[in-house]
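> Starting from these lines, generate the structure:
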Amino acid sequence: MDGNCLEKDFISRTLHILKHYEGPYGVTLLVNCLLGLIVLPKEKDYNHITERGQLHFSDLGIKETDVQWGELEDSKRTAAGLLRCLRNSVAHCQIESLSKDGEIQALRFSDQRGFEAVFRLESLKQIIEKLAGYLDQLEIEKK
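Reported below is the predicted structural model:
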């Protein structure tokens with residue numbers, strides 16, 4: 001199996017799991033899927049995904065105002081910049097669950113430079129599904 005096939009299969013399977021999983025570990029699944037979708041492509045060809053692909057906030061179903069950027073320079077406050085910040089947050093365990101009555105309602109992603117984004121679980125699932133769909137489409141267009 002070559003690298004492109006692995007990447008394509010991973011994206012497709014992640015999208016399938018997101019749409020069909022109904023087990024008790026939904027939050028864990030969301031974090032794992034997010035991590036996989038923002039790390040695997042980055043290691044392979046992150047520029048293809050974020051720069052050449054012209055990823056926009058609207059592609060992910062979010063608004064730039066949903067994000068507190070901290071010290072990040074204005075030119076990097078893009079959807080691609082958001083993915084980099086999310087990747088760093090997840091990779092460095094800067095995730096906090098926000099609960100109500102013992103149930104996780106949202107996740108807060110942050111970093112040491114003041115980046116912060118809070119996403120309700122339903123919104124995060126939609127963001128991850130849209131990212132997977134976007135990546136899947138880019139894989140099709142690469143062929």
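> use CA for all of it now, contacts and neighbours both
OK.
> could you pull out the helices for the chain?
Listed in chain order, the helices found in the chain under DSSP state H are 3-20, 26-47, 57-60, 79-91, 121-142.
> so which of those gets nearest residue 71?
Nearest to residue 71, of all the helices of the chain, is helix 79-91, at 11.6 Å by CA to CA.
> hmm, back to that, wait, which of the helices of the chain is closest to residue 111?
Proximity to residue 111 (CA to CA) singles out helix 79-91 among these, at 5.6 Å.
> which helices and strands sit right next to that closest one?
Counting contacts by 3 or more CA pairs under 8 Å, 6 or more residues apart in numbering; DSSP states H and E, helix 79-91 packs against helix 26-47, strand 103-110.
> Now do the last one, average pLDDT.
Mean pLDDT, taken over the full extent of strand 103-110, equals 95.
> Dump the helices of the chain into CSV; add distance to residue 112 as well.
Formatted as CSV, the helices of the chain follow (distance: least, CA to CA, whole Å):
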stretch, distance to residue 112
helix 3-20, 29
helix 26-47, 19
helix 57-60, 23
helix 79-91, 9
helix 121-142, 22
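> Comparing the ones you listed, which comes out most buried?
helix 79-91 (a mean of 19; mean count of other CA atoms under 10 Å).
> ok, for residue 125, nearest residue in space, not its chain neighbours?
Among residues not flanking residue 125 along the chain, residue 30 sits closest, at 6.5 Å (CA to CA, 6 or more residues apart in numbering).
> Hmm, the one you found is touching residue 123, no?
No - using CA atoms under 8 Å as the test, residue 30 is too far from residue 123 to be in contact (10.8 Å).
> What separation is there between residue 66 and residue 122?
Distance from residue 66 to residue 122, counting by CA to CA, to the nearest Å: 15 Å.
> Please save the CA atoms from stretch 123-136 in PDB.
C-alpha atoms of stretch 123-136 as PDB (Å, rounded to 0.1, in the frame of the first residue of the first chain):
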ATOM      1  CA  SER A 123     -20.000  21.600  16.400                       C
ATOM      2  CA  LEU A 124     -16.700  19.900  16.700                       C
ATOM      3  CA  LYS A 125     -18.100  16.800  15.100                       C
ATOM      4  CA  GLN A 126     -19.300  18.900  12.200                       C
ATOM      5  CA  ILE A 127     -16.000  20.700  11.900                       C
ATOM      6  CA  ILE A 128     -14.100  17.300  11.800                       C
ATOM      7  CA  GLU A 129     -16.600  15.900   9.300                       C
ATOM      8  CA  LYS A 130     -16.200  18.900   7.000                       C
ATOM      9  CA  LEU A 131     -12.400  18.700   7.300                       C
ATOM     10  CA  ALA A 132     -12.400  15.000   6.400                       C
ATOM     11  CA  GLY A 133     -14.700  15.800   3.500                       C
ATOM     12  CA  TYR A 134     -12.500  18.600   2.400                       C
ATOM     13  CA  LEU A 135      -9.400  16.400   2.600                       C
ATOM     14  CA  ASP A 136     -11.100  13.600   0.800                       C
END
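> I appreciate the help and will end here.
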